[in-house]
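Asker: Fold the following, please.
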Amino acid sequence: MPYFDAASAAPLHPVARQALLAALDDGWADPSRLYREGRKARMLLDAAREAAAEAVGCRADELTFTPSGTRAVHTGMAGALAGRRRTGRHLIVSAVEHSSVLHAAEVFEAEGGQVTRVPVARTGAVDVGSYRAALRPDTALACLQSANHEVGTVQPVAAVAEVCRAAGVPLLVDAAQSLGWGPVEGDWSLLTASAHKWGGPSGVGLLAVRKGVRFAVQGAVDERESGRAPGFENLPAIVAAAASLRAVRAEAEQEAVRLRALTARIRARVPELVPDVEVVGDAERRLPGIVTFSCLYVDGETLLHELDREGFSVSSGSSCTSSTLTPSHVLKAMGVLSEGNVRVSLPTGAAEADVDRFLAVLPGVVAGVREKLGAPLPAATAVRAEETVVDALGKRCPIPVIELAKVIGTVPVGGRVRVLSDDEAARLDIPAWCEMRGQAYEGEEPADGGTAYLVRRVS
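Answerer: Predicted coordinates for the structure are as follows:
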């Protein structure tokens, strides 16, 4: 069964498995002890730290192992913000950061800090000038992911780091998605990552803090990991994480070429095979294994279930999945279609034959879901009406867009459709549909029980 959700968690690398089993035998003792077993454990821990630091591009004494990537983010942000409290209480993040960064920003804001959320282009990339404009004399920290976890867009980290360095502001880079492919370029100040993203075991995060960065550990501390990750180290998992990072880096250059070709094929073929599809994310500056697209008139949760029935494990940023009833914050910030969203993230070693079978299966799956939902037929006969009202109150995505598509052909050119909806996803998906279909979106206005979205027929 093809597993196409490596951006969430990559399968355990064979080297990680071997290192984990070996370390269970030799790395069980307390590495802080002076007796033989403790010294052996300390040697394993030091070797793992050296290997991970080399991959990150920092000194070994700048690197801390944490219980997760999320904990690395939260510890890094809290420590940097506290260390620069005298400078000010202003934080900069991009609008498409991982939820761990955005949740930490929300906590900081609730405690009296100020947060600037830098917007992104339709490709998902930030503009360096926007970061420059967001910097203030009281800015304590800026955050920017190295690459986006939902659409694969690579961010201009080096250029943003240069701008921040010139202003004397540290930059924290969330490198969870990219570290397995190579070191993060630029003069960053703090960096975080998570082992399960590159084929290491879950439960191991990395936090690198450059020397000279003001950092004040928050909460109770002890003598382990410079006080930044209190508690007994999970040494077998740490050893496996470092070993697998070194292993995937050795394979990265060749594997990146192969996966780029496969994802390029998906990007090109999906719009040819499936009508009314928007492929999102930067077509060039992107991670090798991630490709994301959204399908009009499709329920995201149903689409994922149907693909699972066909043997494909994929994920979605659609608002119609069971985990959320609001659109993906990434897709929303990009201003792209969220309904029927599919993220394909290929793991190392993904087979070309599996990608071909996915492309063969996808059109029938999408067509079947659209038929179940009563998606509109291509042709419709126009009748005279100055304004048509579509009452989609109480209906969830993609129904409001489906109802809009059904009536637009009955409205004369220049006529208007008023779509009534109380679904938050409609605020993103109706304008996205208009752009895809060449119709004019005229905005929204309050309506009883929800919001009225105004669409003018252009053609």
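Asker: Okay, now the unreliable bits of this protein?
Answerer: Across the chain, residues meeting the criterion (pLDDT under 70) sit at 318-326, 377-386.
Asker: Nearest the middle, which residue of it would you pick?
Answerer: Against the mean C-alpha coordinate of the chain, by C-alpha atoms, centre = their mean, the closest residue is His149 at 2.3 Å.
Asker: Relative to Ala247, how far out is that one?
Answerer: For His149, the distance to Ala247 equals 22 Å [C-beta to C-beta, to the nearest Å]. (Glycine included, C-beta is placed from N, CA and C.)
Asker: same check, this time on Arg265
Answerer: 26 Å.
Asker: and those two? which has more neighbours close in?
Answerer: For Arg265 versus Ala247, the count of surrounding residues by other C-beta atoms under 10 Å is larger for Ala247: 21 against 15.
Asker: Next, give phi and psi for that one.
Answerer: When quoted as degrees, to the nearest 10, the phi and psi of Ala247 stand at phi -70, psi -50.
Asker: Touching, it and Val15? I think so.
Answerer: Yes. A contact is recorded between Ala247 and Val15 when judged using C-beta atoms under 8 Å, the distance being 4.0 Å.
Asker: returning to what we had before: what number of residues lie near the nearest residue to the residue nearest to the centre of the chain once chain neighbours are set aside?
Answerer: Closest residue to His149 in three dimensions, ignoring its sequence neighbours and counting by C-beta to C-beta, 6 or more residues apart in numbering: Gln177, at 5.1 Å. Applying the criterion other C-beta under 10 Å, we find 26 residues in the vicinity of Gln177.
Asker: so where does Gln177 fall, helix or strand?
Answerer: Taking DSSP states H and E as the definition, Gln177 sits outside all helices and strands.
Asker: Next, count neighbours for Ala283.
Answerer: In terms of burial, Ala283 registers 13 neighbours under the definition other C-beta under 10 Å.
Asker: how close does Ala51 get to Lys211?
Answerer: If you go by C-beta to C-beta, the gap between Ala51 and Lys211 works out to 20 Å.
Asker: and those two? which has more neighbours close in?
Answerer: More neighbours surround Ala51 than the other of Ala51 and Lys211, with 18 against 8 (other C-beta under 10 Å).
Asker: The more buried one: which element?
Answerer: Ala51 belongs to helix 36-56 when assigned by DSSP H and E.
Asker: packing partners for the following helix or strand past that helix?
Answerer: Proceeding N to C from helix 36-56, the next assigned helix or strand is strand 63-66, under DSSP H and E. Counting contacts by 3 or more C-beta pairs under 8 Å, 6 or more residues apart in numbering; DSSP states H and E, strand 63-66 is packed against helix 36-56, helix 69-83, strand 205-209.
Asker: Counting by contacts, list what the last one packs against.
Answerer: Right, strand 205-209. For strand 205-209, the packing partners by 3+ C-beta pairs under 8 Å, 6+ apart are helix 36-56, strand 63-66, helix 69-83, strand 190-194.
Asker: can you check the first one too?
Answerer: Packed against helix 36-56, as judged by 3+ C-beta pairs under 8 Å, 6+ apart, are the following elements: helix 14-26, strand 63-66, strand 205-209, helix 235-273.
Asker: which of the ones you listed sits most buried?
Answerer: Comparing the helices and strands packed on helix 36-56 on average neighbours per residue, with mean count of other C-beta atoms under 10 Å, the densest one is strand 205-209 at a mean of 28.
Asker: Identify the neighbouring strands of that strand in the sheet and state each direction.
Answerer: Taking DSSP bridges as the criterion, strand 205-209 pairs within the sheet with strand 63-66 (antiparallel), strand 190-194 (antiparallel).
Asker: Could you list the buried residues of stretch 168-186?
Answerer: Taking 16 or more other C-beta atoms under 10 Å as the neighbour-count basis, stretch 168-186 is seen to contain the buried residues 169-181, 183-184, 186.
Asker: Tabulate the helices and strands packed on helix 36-56 (TSV), appending distance to Arg117.
Answerer: Listed next are the helices and strands packed on helix 36-56 as TSV, based on distance: least, C-beta to C-beta, whole Å:
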stretch	distance to Arg117
helix 14-26	36
strand 63-66	25
strand 205-209	23
helix 235-273	28
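Asker: For Thr123, find the nearest of these.
Answerer: Nearest to Thr123 among the helices and strands packed on helix 36-56 is helix 235-273; the distance by C-beta to C-beta comes to 12.9 Å.
Asker: right, and the helix or strand after the closest one?
Answerer: Scanning forward in sequence from helix 235-273, with DSSP H and E defining helices and strands, the next element found is strand 277-280.
Asker: Name the residues of the helix holding Ala51 that are buried.
Answerer: Using 16+ other C-beta under 10 Å as the burial criterion, the residues of helix 36-56 that qualify are Ala41, Arg42, Leu44, Leu45, Ala48, Arg49, Ala51, Ala52, Ala53, Glu54, Ala55, Val56.
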